[in-house]
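> predicted model and sequence follow; I will ask about them next.
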2 protein chains.
Amino acid sequence: MATVDDVAKAAGVSISTVSYALSGKRAISHETRDRVLKAAAELNYQPRASARMLAANRSHILAVTAPLHEDTDHSVHMQFAMEVTKEAAELGYDTLLLVHDDAMQSMRRAAATALADGVVVLDVDADDPRADLARALDYPVVFIGIPHDATDLMCVDMDFEQAARMAVDRLADAGHTSIGLISHPRVTVERGSNFPLRFRDAFVARCEERGLDHAVAYPREHSAREAVDNLLSALPNMTGLVLNTSSDVAADASPALAAHGLSIPHDVSVVAAGAAYPTHRLPVPLDRIPLDAQASCTAAVDLLVAAIDRGEREARTLLIPPEYQDFGSVRAPVDSAEKAAQHLV
Amino acid sequence: MATVDDVAKAAGVSISTVSYALSGKRAISHETRDRVLKAAAELNYQPRASARMLAANRSHILAVTAPLHEDTDHSVHMQFAMEVTKEAAELGYDTLLLVHDDAMQSMRRAAATALADGVVVLDVDADDPRADLARALDYPVVFIGIPHDATDLMCVDMDFEQAARMAVDRLADAGHTSIGLISHPRVTVERGSNFPLRFRDAFVARCEERGLDHAVAYPREHSAREAVDNLLSALPNMTGLVLNTSSDVAADASPALAAHGLSIPHDVSVVAAGAAYPTHRLPVPLDRIPLDAQASCTAAVDLLVAAIDRGEREARTLLIPPEYQDFGSVRAPVDSAEKAAQHLV
DNA sequence: CTGTTAGCGCCTTCAT
DNA sequence: ATGAAGGCGCTAACAG
């Protein structure tokens, strides 16, 4: 374990020269700088993290709090945690996972002990207690997801409202007038998980704006069957279906419709919105408005690091605009096609 | 940000008394100890992590390296990362996620900078370069999974060989003589990912020991269709099926068999082995030999922390014994039942 | 049982 | 452009 002193001796300079040569925080002549770098490389010198933290009062560590509910979708969680870690690494930060039962406690501790320089909050509920904690802490925190009261907070998320409108509009523009939504499981929505609510409410609002028949169903047990049954009994003429749900339920939508003798896109047009999973390799590919973990996480970490490194702490909410991917699962409804044909005749 | 000095003054003692009162590393009279604790609580004192690390030469941080391949199953990954984090928290350690492209580099760095006190290695390949690195590092490392050459390493894993034998035996004992295995995708197996190989080879060996017809198929695109097709053309009389595969493929097994007019368990008996996901809530529940992330991770972290805290660094491989869960998907084959009936007559 | 003190290794201001 | 030196906050000998 080489230290600055070792490098200084080997290079024949003082330790401050070593420090500056490596950090580049002040001008050093090329000669000495090269000498220092060579010595450091030869000794395989790596500054001790703890000493650096203590002296610089900065840990170069970000904490990620991701509380785990029974209904948590691990694969989506992991995607976000990974993307945060990747972008953090890009900017010279390591990432600490805080997944204890007690998210508040561990977040408070990370701040109080200066273990982490900032916190990324995942899986945000509408009424998330971590929002108040963040306000109380005077410490850099960024939310991926938007709590109901986002005052004084830095938040980043996909624009789920816009995604919902986009999905509804796509179906409505194709001529559909009766549209169902398969949302997330009831427990998830009732817990107040923020984006299912935002999506659902925007879906309903848009349908009403455009005068469409609509209904919402909540899947159970990772299956779409019951949700499809419910939608079809509420909307016997349903020809449009929006999925804002998990991977397994989305994959089950086609079989569930088939059980009613309905096929995609012939009888029912489908859009998967806010989908963190691919939909183009399903037996029946589905149009998709992706939930781009990378976009959200990159923006969030950039914001957080700006707050840490440059003190840019102004509150703000950053909405990532959704994007529509066409895989052929939306068509004009058969009825209107027939009507159109009759018109022509 | 209160410091030891603040607490010492408030309690009217010296800083070492504060330190010892809080760490409990030497005897302190009840009176003074209470005084110190009260002062600390009032000032909301939390020792600065960096200072503690530097002085004690211990970070109380574990690193987790989890390289991410395209075929990585995120949800399983996350389960392991979580379980490691939980057990680490239990023992007073935080967990750093190392998911950069360059697993070697970041593992080396965590050790060289003393950022982490030890490393947990996930997603181990048979020929994993991190094995050599671990041997070279003289630093506590534990593998969850078993590389081909485990010399001088600490490894923990479920006993996949035993699980394979258990699955085969269950089917064979029920009277099945023609058994298929759906393994992991070909890329995963060819990369040398350790447990699919261990499972597959043990499956084949056991089938041969018991004189059973057998075949292995590798699923593609998260679907079981092609794999089932292949198995049935290799084994037209297949009545037993072992699944050592991902959640989505396992869920697709029943529909895929149905496409051939086969049902579970009437025509085909099925065992899902090494399954990190539940199988009893599938439309057709499946017998299961669970892959218990918690068991492996708890054992691994305990081992690692023993190595760090008590210097117990002897190499060893810990195999977690599998356990069979019966959900009714294994029955005697129809043929042999008929034959048995004829016998009786 | 308690206090004093010497580092842990690095960063950074001040001096040159 | 470089050196010298004072902390950062805590732990753990070493002394009583």
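Yep, that arrived.
> which residues touch the most centrally placed residue in chain A?
The centre of chain A sits closest to A:A293, judged by CA atoms, centre = their mean, with a distance of 4.3 Å. By CB atoms under 8 Å, 6 or more residues apart in numbering or on different chains, the contact set of A:A293 is A:V76, A:Q79, A:F80, A:M82, A:E83, A:A276. Every residue, glycine included, has its C-beta placed from N, CA and C.
> what's the helix or strand for the fourth one?
Read that as A:M82. helix A:74-90 (DSSP states H and E).
> can you show me the strands along chain A?
For chain A, the strands defined by DSSP state E occupy A:61-65, A:94-98, A:118-121, A:141-144, A:154-158, A:178-182, A:213-217, A:240-243, A:269-275, A:287-290, A:316-320.
> nearest to DNA strand D, out of those?
strand A:61-65 (16.4 Å; CB to the nearest atom of the strand).
> report the angle between the closest one and strand B:61-65.
80 degrees (axes from the mean of the first three to the mean of the last three CA atoms, to 10 degrees).
> now for strand A:61-65, which elements pack on it?
helix A:74-90, strand A:94-98, helix A:103-112, strand A:118-121 (3 or more CB pairs under 8 Å, 6 or more residues apart in numbering or on different chains; DSSP states H and E).
> any chance of the ones you listed in a markdown table, plus distance to B:A116?
Shown next, in a markdown table, are these (distance: least, CB to CB, whole Å):
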| stretch | distance to B:A116 |
| --- | --- |
| helix A:74-90 | 14 |
| strand A:94-98 | 9 |
| helix A:103-112 | 16 |
| strand A:118-121 | 19 |
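> among these, which is the most enclosed?
strand A:118-121 (a mean of 27; mean count of other CB atoms under 10 Å in any protein chain shown).
> is any residue of that one near chain B?
No: judged by CB under 8 Å from any CB of the partner chain, strand A:118-121 stays clear of chain B, getting no closer than 11.7 Å.
> direction included, what does that strand pair against?
Here strand A:118-121 has these sheet partners by DSSP bridges: strand A:61-65 (parallel), strand A:141-144 (parallel).
> figure out how far it is from the centre of its chain.
13 Å (CA atoms, centre = their mean, to the nearest Å).
> contacts only, for whichever residue of the stretch 201-345 of chain A sits closest to DNA strand D.
Going by CB to the nearest atom of the strand, DNA strand D is nearest to A:I308 of the stretch 201-345 of chain A, at 17.5 Å. Residues near A:I308 by CB under 8 Å, 6+ apart: A:R58, A:D117, A:G118, A:P140.
> any idea how far the first one is from DNA strand C?
Right, the one you point to is A:R58. A:R58 sits at a distance of 8 Å from DNA strand C (criterion: CB to the nearest atom of the strand, to the nearest Å).
> equivalent analysis for the second one, please.
When distances are taken as CB to the nearest atom of the strand, A:D117 and DNA strand C turn out to be 13 Å apart.
> next one: A:M53
8 Å.
> tell me where the stretch 101-250 of chain A has helices.
Along the stretch 101-250 of chain A, counting by DSSP state H, counting those that start in this stretch, helices occupy A:103-112, A:129-137, A:160-173, A:186-191, A:194-209, A:225-234, A:247-258.
> pick out the shakiest of those helices, pLDDT-wise.
Mean pLDDT is lowest for helix A:186-191 out of the helices of the stretch 101-250 of chain A, coming in at a mean of 88.
> and that one, what other elements does it pack with?
helix A:194-209.
> which strands and helices sit next to the helix it packs on?
strand A:154-158, helix A:160-173, strand A:178-182, helix A:186-191, strand A:213-217, strand A:269-275.
> 7 Å instead, please
On a contact count with 3 or more CB pairs under 7 Å, 6 or more residues apart in numbering or on different chains; DSSP states H and E, helix A:194-209 meets helix A:160-173, strand A:178-182, helix A:186-191, strand A:213-217.
> nearest to B:H30, out of these?
Ranking those by distance to B:H30, with CB to CB as the measure, places helix A:186-191 first at 44.8 Å.
> tell me the buried residues in the closest one?
For helix A:186-191, burial by neighbour count (16 or more other CB atoms under 10 Å in any protein chain shown) applies to A:T188, A:V189, A:R191.
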